[in-house]
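**Student:** Fold the following, please.
(2 chains)
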Amino acid sequence: MKWLVLLPAVALAVAVPWLVDDYTTATLSRLLVLGLVGVSVALLTGVTGLPTLGQTAPFAAGAYAAAQVGLHEVGGPPVQLLAAAGVGAAFALLTAALVVYARGVVVLMITLAIGELAITVASRWKAATGGTDGLIATAAFDSDRARYLYALAVVGVVVTLVLLALRSPAGLLLRASRDDEARMRASGHPVTAYLAGAYVAAGAIAGAGGALLVTTQQYVSPADFSFDTAALLLLGVVIGGAGSMLGAVAGTALVFAARDWLSGLLPGHAPLLLGALFVLTAYLLPRGVAGFDWRRIGRRDRAASPRAVRRANQEA
Amino acid sequence: MADVLITEALTRRYGSLVAVDRLDLRIAPGERRAIIGPNGAGKTTLLDLVAGAIRPSGGRIRFDGRDVTGYGPARRAQLGIGRIHQRPAVWPSLTTLDNVAVAAARRRGGVRRSRHTAVELLDRLGLAAQAGAEAARLSHGQRRQLEIAMALAGEPRLLLLDEPAAGLSAVEFERLGEVLRDLPEDVTVLLVEHRLDLVYALADVVTVLRDGQYVATGTPDEIRVSHAVRQAYSGAVA
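**Tutor:** Numbering: from 1, shown residues only, chains lettered A, B, ... in the order given. Below is the predicted model:
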């Protein structure tokens, strides 16, 4: 059943640059990039239980690292991608101690501070980031279509890897830590180390997103990592269903698409509509789009069992 | 043989309340020790202190000759202290089988390796049919059984049981008694329980606490007829 939906969706995603104009293709590439950062937010918020507003920081670190690797002609996109993931992970490793001991709203506040500090550094450290002027990256591909397909391939591979990891014992340990941390400790599990591992992995994913941003947009500036972006990422992940990786990609893409397209159609009203979208989701789909039991449509018994909802959440 | 668990002047205060008051305990390897006493006697606090879930305000705890007072709960669990909680603590979004496998993982070299033992344990505790179901779907009694399986899966050397019989059906109670009686002889048990039939059936030695203080220790037969014990209980009621 899942494959019946997934296969045409993948086919459509591959075919899309031949169906739409270049501008739309470029916009979709950007949505893919943000979707990937959304995966890192979902990994922390939904799976690990650390709600975050700070993934823009490793996202930025990865983006500037990739841009510098390109500018110094060290290597092409794959090298940039690995470098960016490494820098994102290293950034997370350095800040992990601030995050993994906190819980709940405190995590939100700390990660918010980390994100804001990262923007400040990005704006001031002109030698590495070009300051508020930003950096123009070297062009790696010669068409929007190629850039889009590259982004699609990278996002596909990373999301698959994350899904496989979550199905492995590592995923079980993270979910158990989120469910009942004290019980984990009573069974001898070093919960803090697990959380730190997840935080570093999420940093690597966000860093890889940074490299994709540079490749698809060929330009990077502090404006790409604003608080707006951080807040919309979290909103997108909640709308998509925080425990679901594909839901995170879809939710994030939906939110940023809404912002970009709606602001064109209804200038000045995009925040209002995003707010309405969020309220509607919270009321109608408390487990996010991916948590909704689509099979219940048209069924007489409209009450989805908690099990069905959870299953759907896990499978997605 | 050296005592497996020793507490020396173990104390825990909550503000002006002294929940555990300069408690000295010595428990021999393989001993089945029950701790009884009226509500508020400090029984659960004592188990929390031994498991490392809370820090003592004073005193020391030795496990197996090692001073573990400064160790966190995870490190103590790895040394072989297993526990079940007063309110069954399981991981609701994991399957019953995975709950046991994850609980045993640290002592058995990984989740995958501990799955085999997990199947066996679930069978012994009458949960085999629920192996694939999420723990969130289990009844209270089943969760209790599950947590016992989780504690046993780690092959603890000291097992802390906080009211394991609370909320169990008659059948489940029977099974619990069997499982506890079948524990390997070298496993030391510290049992906090209100159901005295279980206490007298299982314990070698019974210690009575009141207001965090030691009242009496003896064999079940001695405790049953002890004047001090009756006073401890009646004093609390009056």
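**Student:** List the contacts of residue A:40.
**Tutor:** Shown in contact with residue A:40 (Cβ atoms under 8 Å, 6 or more residues apart in numbering or on different chains): A:55, A:58, A:59, A:202, A:203, A:205, A:206, A:209. C-beta coordinates here come from the backbone N, C-alpha and C atoms, glycine included.
**Student:** just those now: which is nearest chain B?
**Tutor:** Distance to chain B across the contacts of residue A:40 (Cβ to the nearest Cβ) is lowest for residue A:202, with 19.6 Å.
**Student:** same for the helix or strand hosting the closest one, what does it pack against?
**Tutor:** For residue A:202, the host element (DSSP states H and E) is helix A:191-217. Packed against helix A:191-217, as judged by 3 or more Cβ pairs under 8 Å, 6 or more residues apart in numbering or on different chains; DSSP states H and E, are the following elements: helix A:22-42, helix A:56-71, helix A:77-99, helix A:144-167, helix A:169-179, helix A:181-186, strand A:219-220.
**Student:** So for that helix, mean pLDDT?
**Tutor:** Model confidence over helix A:191-217, given as mean pLDDT, is 95.
**Student:** which phi and psi does the residue lying closest to residue A:57 once chain neighbours are set aside have?
**Tutor:** Sequence neighbours aside, residue A:118 is the residue nearest to residue A:57 in space, at 3.6 Å (criterion: Cβ to Cβ, 6 or more residues apart in numbering or on different chains). The phi and psi values for residue A:118, taken as degrees, to the nearest 10, are phi -60, psi -40.
**Student:** hang on, the earlier thing: with respect to residue A:273, which of the contacts of residue A:40 is nearest?
**Tutor:** residue A:55 (23.9 Å; Cβ to Cβ).
**Student:** What does the closest one show for phi and psi?
**Tutor:** Taking degrees, to the nearest 10, you get phi -70, psi -10 for the backbone angles of residue A:55.
**Student:** Could you measure from it over to residue A:100?
**Tutor:** 15 Å (Cβ to Cβ, to the nearest Å).
**Student:** So for stretch B:143-161, mean pLDDT?
**Tutor:** 91.
**Student:** residue contacts, the spatially most central residue of chain A?
**Tutor:** In chain A, the residue lying closest to the centroid (Cα atoms, centre = their mean) is residue A:38, at 1.6 Å. Counting by Cβ under 8 Å, 6+ apart, residue A:38 touches A:233, A:236, A:237, A:240, A:248, A:249, A:251, A:252, A:253.
**Student:** which SS state does the closest residue in space to residue B:8 that isn't next to it in sequence fall under?
**Tutor:** Leaving out its chain neighbours, the residue that sits closest to residue B:8 by Cβ to Cβ, 6+ apart is residue B:60, at 4.6 Å. Recorded secondary structure, residue B:60: strand (DSSP: H, G, I helix; E, B strand; the rest coil).
**Student:** how close does residue B:60 sit to chain A?
**Tutor:** As judged by Cβ to the nearest Cβ, to the nearest Å, residue B:60 and chain A stand 21 Å apart.
**Student:** my guess is that residue contacts residue B:71, does it?
**Tutor:** No: using Cβ atoms under 8 Å, residue B:60 makes no contact with residue B:71, being 11.6 Å away.
**Student:** These two: who's more crowded?
**Tutor:** Between residue B:60 and residue B:71, residue B:71 has the larger neighbour count (other Cβ atoms under 10 Å in any protein chain shown), namely 17 against 14.
**Student:** In contact with the closest residue to that one other than its chain neighbours, which residues?
**Tutor:** Among residues not flanking residue B:71 along the chain, residue B:52 sits closest, at 5.9 Å (Cβ to Cβ, 6+ apart). Going by Cβ under 8 Å, 6+ apart, residue B:52 touches B:68, B:71, B:72, B:73, B:75, B:76, B:77, B:81.
**Student:** neighbours of the third one, just the number please.
**Tutor:** To tie it back to what came earlier, the one meant is residue B:72. Counted by other Cβ under 10 Å, the residues lying close to residue B:72 total 15.
**Student:** Find the nearest non-adjacent residue to it, please.
**Tutor:** Nearest to residue B:72 is residue B:52, by Cβ to Cβ, 6+ apart, at 5.6 Å.
**Student:** pLDDT wise, what is the one you found at?
**Tutor:** 94.
**Student:** Low-confidence regions, chain B specifically.
**Tutor:** Along chain B, segments meeting pLDDT under 70 span B:1, B:235-238.
**Student:** Show me how the record splits it into domains.
**Tutor:** B:5-80+B:156-237, B:92-154 (automatic domain parsing).
**Student:** does chain A sit close to the last one?
**Tutor:** I take that to be domain B:92-154. Yes: using Cβ under 8 Å from any Cβ of the partner chain, domain B:92-154 reaches chain A at B:92-94, B:98-99, B:101-107, B:110-112, B:134, B:136-137, B:150, B:154.
**Student:** burial of residue 42, as a residue count?
**Tutor:** You didn't say which chain, so I picked chain A. That count, for residue A:42 with other Cβ under 10 Å as the rule, works out to 35.
**Student:** that's the other chain; I wanted chain B
**Tutor:** So residue B:42, with other Cβ under 10 Å, has 24 neighbours.
**Student:** repeat for residue A:277
**Tutor:** 17.
**Student:** Not counting sequence-adjacent ones, nearest residue to it?
**Tutor:** Closest to residue A:277 by Cβ to Cβ, 6+ apart is residue A:258, at 6.3 Å.
**Student:** which ones are touching the one you found?
**Tutor:** Residue A:258 touches A:270, A:273, A:274, A:277, counting by Cβ under 8 Å, 6+ apart.
**Student:** So it, which state does it fall into?
**Tutor:** Applying three-state DSSP: residue A:258 is helix.
**Student:** now it: how far from residue A:268?
**Tutor:** Residue A:258 is 14 Å from residue A:268, where distance means Cβ to Cβ.
**Student:** so what's residue A:49 closest to, chain neighbours aside?
**Tutor:** Per Cβ to Cβ, 6+ apart, closest to residue A:49 is residue A:178, 3.7 Å.
**Student:** Run a quick check on the one you found versus residue A:45, I expect a contact.
**Tutor:** No: using Cβ under 8 Å, residue A:178 is not in contact with residue A:45; the gap is 10.1 Å.
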